[in-house]
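Undergrad: Sharing a model prediction with you, sequence too.
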Amino acid sequence: MDVWNLFLELGFFHILDLRAWDHLLFLVVLVAVYGLENWKQWGAATAAFSLGHTMSLVFSMASGIPLPESSVEIAILLTLVLTAAINLHPRSIRPKGYRRAWISGLLGLVHGLGFAKDFRGMVLDESLNVSSLLAFTAGIELGQLVVVLVALSFSTLLESAAIWKPREWVLFCSGGTLFLSLYLLVPHFLN
């Protein structure tokens with residue numbers, strides 16, 4: 001297997017790995033307010049998130065400046081808290097416009113720092129960085145697309161089967177995310 005395919009696969013399975021639960025959960029909560037029919041809005045939000053985390057991943061790798069792992073972990077948890085809290089607003093269901101895309105792009109900058117930490121652990125040979133970084137990033141994007149499409153399909157299925165209304169799905173995803181994120185944040189501030 002060549003280097004490109006290896007890192008493409010590593011990126012793809014990195015985002016689908018349950019140890020990347022914070023990124024998976026962010027994607028689910030990000031698109032929970034949309035239906036499949038809102039493809040322009042959820043497409044813009046996920047593309048902006050991808051652009052944000054790709055920019056900070058590339059910058060972090062190019063600068064070589066490592067950030068404290070606990071600070072990055074706290075910042076990622078705060079992105080979950082913020083996104084879940086925004087979703088809990090009564091007018092968050094099926095939002096129009098692209099304001100959420102701007103917000104998700106900014107939050108993506110934080111998530112890219114987490115990807116940079118993980119990527120540093122994968123690269124042994126410095127000469128592989130540019131090609132492997134591009135492949136890893138492409139793999140992450142493909143994996144994210146799978147997560148987003150599964151999440152949107154699942155919420156659409158629940159809605160069409162009249163099991164849950166869109167608002168109930170958003171409350172379930174966002175309320176659970178908010179609770180879990182705050183629960184995980186507390187120990188960071190008590191130490």
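TA: Structure received.

Undergrad: ok, the residue sitting nearest the centre point of the chain to D2 distance?
TA: The centroid of the chain falls nearest to H23 when counting by C-alpha atoms, centre = their mean (3.9 Å). Using C-beta to C-beta, to the nearest Å, H23 is found at 26 Å from D2. Backbone N, C-alpha and C define where each C-beta goes, glycine included.

Undergrad: Excluding sequence neighbours, find me the nearest residue to F12.
TA: Nearest residue to F12 in three dimensions, chain neighbours excluded: G139, at 3.9 Å (C-beta to C-beta, 6 or more residues apart in numbering).

Undergrad: what's the next secondary structure element after the helix or strand encompassing the one you found?
TA: In this structure, G139 sits in helix 129-160 according to DSSP states H and E. Next helix or strand after helix 129-160 toward the C-terminus (DSSP H and E): helix 166-190.

Undergrad: What residues of that next one count as buried?
TA: P166, W169, V170, L171, C173, S174, T177, L178, L180, S181, L184, L185 (16 or more other C-beta atoms under 10 Å).

Undergrad: got the residues you listed as CSV, with pLDDT and distance to G114 columns?
TA: Formatted as CSV, these follow (pLDDT from 0 to 100; distance: C-beta to C-beta, whole Å):
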residue, pLDDT, distance to G114
P166, 84, 29
W169, 91, 26
V170, 92, 25
L171, 93, 27
C173, 94, 20
S174, 95, 21
T177, 96, 16
L178, 96, 19
L180, 94, 17
S181, 95, 14
L184, 92, 14
L185, 92, 15
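
Undergrad: Out of those, the closest to L51 would be?
TA: Using C-beta to C-beta, T177 is the member of the buried residues of helix 166-190 that sits closest to L51, with 22.5 Å.

Undergrad: Could you pull up the contacting residues of the closest one?
TA: L25, V28, V29, L80, T83, A84 (C-beta atoms under 8 Å, 6 or more residues apart in numbering).

Undergrad: how about a cut-off of 10 Å?
TA: 22, 25-26, 28-29, 32, 80-81, 83-85, 87-88 (C-beta atoms under 10 Å, 6 or more residues apart in numbering).

Undergrad: circling back: please, which helix or strand holds the residue nearest to the centre of the chain?
TA: Secondary structure assignment for H23, by DSSP H and E: helix 21-31.

Undergrad: Just the buried residues of that helix, please?
TA: For helix 21-31, using 16+ other C-beta under 10 Å, the buried residues are D22, H23, L24, L25, F26, L27, V28, V29, L30, V31.

Undergrad: Rebuild these as a markdown table, extending it with pLDDT and distance to I65.
TA: Formatted as a markdown table, these follow (pLDDT from 0 to 100; distance: C-beta to C-beta, whole Å):
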| residue | pLDDT | distance to I65 |
| --- | --- | --- |
| D22 | 91 | 22 |
| H23 | 91 | 21 |
| L24 | 92 | 27 |
| L25 | 94 | 27 |
| F26 | 95 | 23 |
| L27 | 95 | 27 |
| V28 | 95 | 31 |
| V29 | 96 | 29 |
| L30 | 95 | 27 |
| V31 | 95 | 32 |
